[in-house]
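Asker: Structure for this input, please:
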Amino acid sequence: MLRKTLLCGAALLLAPAPVLAQDVTVTVDAAAKPGPVIDRHIFGQFAEHLGSGIYGGIWVGKDSAIPNTRGIRKDVVAALRAIKVPVVRWPGGCFADEYHWRDGIGPQDKRRSSVNTNWGGSGEPNSFGTDEFMDFADQVGAEAYVSVNVGSGTIQEAADWLAYMTADPTTTAGKERAANGHAAPYKVKWLGLGNESWGCGGSMRPDAYIDLMKRFARFTHNLDPVQGEKGKEPMQRIAVGPNDNDTTYTEAVMAAWKGHDWAWNIEGLSMHAYTTGGWPPSYPSVGFDETGYAKLVKAALAMDGMIARHSAIMDKYDPDKKVPLVVDEWGVWLAPLPGTNPGFLYQQNSLRDAIIAALHLNIFARHADRVRMTNIAQMINVLQAMILTDKEKMVLTPTYHVFRMYVPFQDAQAVPVSFDAGTYTHDGVTMPRVDAIAARGKDGKLWLAVTNLDAGKPARVAVKFAGVTAKSATGEVLTAAKVDAVNSFEAPNTVVPKPIRGSVAKGAVTLELPAKSVAVVEIEG
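Answerer: Just a heads-up that it's a prediction; the model follows:
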């Protein structure tokens, strides 16, 4: 008996100590002047002709055994409708500046096939072209953001493309569109004037790009009388802007905008910034440890400083913030998954990536006065995808679940939030421990999103309120046992949201957040 007692005592001494939650106080000031509207377009998507992002991911063809509507996968459309995708950018990306739209219209068997020289040297059948993209956007319920070919195309080609999409069916261009199955003009809400003209779009000096961009802006018209330049829903033209921290294009394009005359205009400035942890991207998407988690999460936080830097330059020329900063390429860019074509940019999507997505959405929300559209790269099977497919199989990624959880923030009014973020340190990497935003939805409901970045410690979040007395706090939390947890075709529910309910006392809420987690809750007052 004595020996057994001693052994039990030794076991107790050797057992790991429980991980104690760290306390965090968050104050939501619902009585203060509300912040800007968090534009729904901040939750936009990007689909490029790259790897299996289009072919196999969206388009399977009308004769496919995979359930489809006019060649477009039904399962993918249903999943994207569930996250209320507001806008899709297409056809690129680097692909856009080598894309010639006439290759992708008309009967499928008459279309010109080519080689995708940007991404893996794969064949490009042009089966998915303008009409298929517009059909896809309509099925999803999204607006179209079309990037025209400024790098290798002509102004006339771009003008003809816009005419094909938007002209009245009594015109030659409109008759051609009608003959291809769509008599009514398409709505082109956003028009990208080139892509990465400082790089794959032509390696242009800012002045050279600006001179060319002005002509595209002037002569590429939306001819739909309802939506055109003088219509009720005018098309927004997006100029190429900065790459990461480089402010050269920001300064030059905004100076040109400030001095523009009646003959041309732009309504947005594009920015591209990926979370890579260094170039070329080498961080693995599977099988990494907490150090790999911490370093990449810390790198993602740089987005806040980049937006602030470019916004300050834009403010010099545009203090009224008429021109939005459009972050139309962002996301985690990792090493290609072993065994895949490196040019297809196929990677897995882990809990780490979901946390990084939540941090980005929070950053965009805090800069919503200037950032009014973003497009994560990319929607399906490429980089930080919402969805992965393999023939008839489909799986929703952890990043997808974050976007679904954040749906209440679309077009919601930002509510001021303050908190002591604390610190999370691992292997010499230090960053804030928590992040949070709040907003009041169009339906009047109050929503709170809190992310616990700490991979090892849970967080006890005490939420205090001004201007409202909380009665309940319910929602969802996304986490998993490991930082590198992923959803696979064999195990699709490894990282999925679970219900969470906060405890309420005297009008305040306490949330018990697991380590490495994202929570979104509705506060009922």
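
Asker: which residues of the protein score low on pLDDT?
Answerer: Along the chain, segments meeting pLDDT under 70 span 1-20, 228-229.

Asker: At the geometric centre of it, which residue do we find?
Answerer: Per Cα atoms, centre = their mean, the C-alpha nearest to the average position across the chain is that of residue 376, at 2.4 Å.

Asker: State the distance from that one to residue 131.
Answerer: From residue 376 across to residue 131, the span is 25 Å (Cβ to Cβ, to the nearest Å). (C-beta placed from N, C-alpha, C; glycine too.)

Asker: and the residue nearest to the centre of the chain, helix, strand or coil?
Answerer: Secondary structure, DSSP: H, G, I helix; E, B strand; the rest coil: residue 376 is strand.

Asker: now do residue 443
Answerer: Relying on three-state DSSP, one would call residue 443 coil.

Asker: Same check on residue 164?
Answerer: helix.

Asker: Was I right to think it contacts residue 105?
Answerer: Yes: counting by Cβ atoms under 8 Å, residue 164 does reach residue 105; the two are 7.3 Å apart.

Asker: who touches both of the two?
Answerer: 130, 176 (Cβ atoms under 8 Å, 6 or more residues apart in numbering).

Asker: Phi and psi next, for residue 328.
Answerer: phi -90, psi 10 (degrees, to the nearest 10).

Asker: of residue 164 and residue 105, who's got more company?
Answerer: residue 164 (23 against 19; other Cβ atoms under 10 Å).

Asker: which phi and psi does residue 316 have?
Answerer: phi -60, psi -40.

Asker: Apart from its neighbours in sequence, what residue is nearest it?
Answerer: Residue nearest to residue 316 in three dimensions, not counting chain neighbours: residue 254, with 7.4 Å by Cβ to Cβ, 6 or more residues apart in numbering.

Asker: so what secondary structure elements neighbour the strand or helix carrying the one you found?
Answerer: When secondary structure is defined by DSSP states H and E, residue 254 falls within helix 248-258. Applying 3 or more Cβ pairs under 8 Å, 6 or more residues apart in numbering; DSSP states H and E, one finds that helix 248-258 contacts helix 206-219, strand 268-275, helix 302-317.

Asker: Next, the angle from the first one to helix 248-258.
Answerer: Using axes from the mean of the first three to the mean of the last three Cα atoms, to 10 degrees, the interaxial angle of helix 206-219 with respect to helix 248-258 works out to 40 degrees.

Asker: List the buried residues for helix 206-219?
Answerer: Neighbour-count burial for helix 206-219 flags 206, 209, 210, 212, 213, 214, 216, 217 (criterion: 16 or more other Cβ atoms under 10 Å).

Asker: right, and the fourth one touches residue 149 too?
Answerer: No: the pair formed by residue 212 and residue 149 falls short of the contact definition of Cβ under 8 Å, at 11.6 Å.

Asker: Residues that sit against both of these two, list them.
Answerer: Contacts common to residue 212 and residue 149, judged by Cβ under 8 Å, 6+ apart, are residue 194.

Asker: before we move on, which element is residue 451 in?
Answerer: Counting by DSSP H and E, residue 451 is found in strand 446-452.

Asker: How far does stretch 215-230 stretch from one end to the other?
Answerer: 19 Å (Cα to Cα, to the nearest Å).

Asker: roughly how far is it from the heart of the chain?
Answerer: Counting by Cα atoms, centre = their mean, to the nearest Å, stretch 215-230 is centred 27 Å from the centre of its parent chain.

Asker: Residues contacting that stretch, please?
Answerer: Under the contact criterion Cβ under 8 Å, 6+ apart, stretch 215-230 has outside partners 148, 150, 155, 158-159, 162-163, 166-168, 171, 173, 185-189, 191, 193-194, 231-235, 237, 239, 263-266.

Asker: if we go to 7 Å?
Answerer: 148, 150, 155, 158-159, 162-163, 166-167, 185, 187-188, 191, 193, 231-235, 237, 263-266 (Cβ atoms under 7 Å, 6 or more residues apart in numbering).

Asker: quick one on the thing from earlier: outside of the helix holding residue 254 itself, list whatever touches it.
Answerer: Contacts for helix 248-258 (Cβ under 7 Å, 6+ apart): 198, 206-207, 210, 239-242, 266, 269, 310, 313-314, 317-318, 323.

Asker: just to revisit the earlier point, tell me the first helix or strand C-terminal of the strand holding residue 451.
Answerer: strand 459-466.

Asker: Quick check: neighbours of that following strand in the sheet, parallel or antiparallel?
Answerer: strand 22-29 (parallel), strand 508-513 (antiparallel) (DSSP bridges).

Asker: With mean neighbour count as added columns, please give those in a markdown table.
Answerer: Listed next are the strands paired with strand 459-466 as a markdown table, based on neighbours: other Cβ atoms under 10 Å:
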| stretch | mean neighbour count |
| --- | --- |
| strand 22-29 | 18 |
| strand 508-513 | 20 |
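
Asker: ranges for the helices of this structure?
Answerer: 2-14, 74-82, 130-140, 155-166, 172-179, 206-219, 248-258, 290-300, 302-317, 351-366, 398-405 (DSSP state H).

Asker: Output the contacting helices and strands for the fourth one.
Answerer: What it means is helix 155-166. helix 172-179, helix 206-219 (3 or more Cβ pairs under 7 Å, 6 or more residues apart in numbering; DSSP states H and E).

Asker: Make CSV out of the ones you listed and add distance to residue 278.
Answerer: Shown next, in CSV, are the helices and strands packed on helix 155-166 (distance: least, Cβ to Cβ, whole Å):
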stretch, distance to residue 278
helix 172-179, 46
helix 206-219, 26
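
Asker: The residue nearest to residue 316: neighbouring residues, count only.
Answerer: 23.

Asker: ok, the nearest residue to residue 404 once chain neighbours are set aside to residue 89 distance?
Answerer: Nearest residue to residue 404, sequence neighbours excluded (Cβ to Cβ, 6+ apart): residue 83, at 4.8 Å. Residue 83 sits at a distance of 16 Å from residue 89 (criterion: Cβ to Cβ).

Asker: how much space between the nearest residue to residue 133 once chain neighbours are set aside and residue 129?
Answerer: Leaving aside its sequence neighbours, residue 133 sits nearest to residue 90 (Cβ to Cβ, 6+ apart; 5.2 Å). For residue 90, the distance to residue 129 (Cβ to Cβ) stands at 10 Å.

Asker: Between these two, tell me which one has more neighbours.
Answerer: The residue with more neighbours, out of residue 90 and residue 129, is residue 90; 29 against 21, by other Cβ under 10 Å.

Asker: Next one: the more buried one relative to residue 381, how far apart?
Answerer: 15 Å.

Asker: for residue 308, same thing?
Answerer: 33 Å.

Asker: Which one's more surrounded, these two?
Answerer: Legend: neighbour count by other Cβ under 10 Å for residue 308 and residue 381, higher for residue 381 (26 against 13).

Asker: Report the contact partners of the more buried one.
Answerer: So residue 381 contacts 51, 52, 53, 57, 346, 388, 389 (Cβ under 7 Å, 6+ apart).

Asker: Residue 287 too?
Answerer: residue 484.

Asker: Relative to residue 338, how far out is it?
Answerer: From residue 287 to residue 338 the distance is 10 Å (Cβ to Cβ).

Asker: Tell me which of the helices of the chain sits most buried.
Answerer: The highest average neighbour count among the helices of the chain, using mean count of other Cβ atoms under 10 Å, belongs to helix 351-366 at a mean of 26.

Asker: if we look at that one, which residues are touching it?
Answerer: With Cβ under 7 Å, 6+ apart, helix 351-366 has contacts from 38, 42, 275, 293, 296-297, 300-301, 303-304, 307, 330, 332, 371, 374, 384, 398-399, 401-402, 406, 409, 414, 435, 437, 449, 451, 453, 478-480, 483-485, 495, 516, 518.
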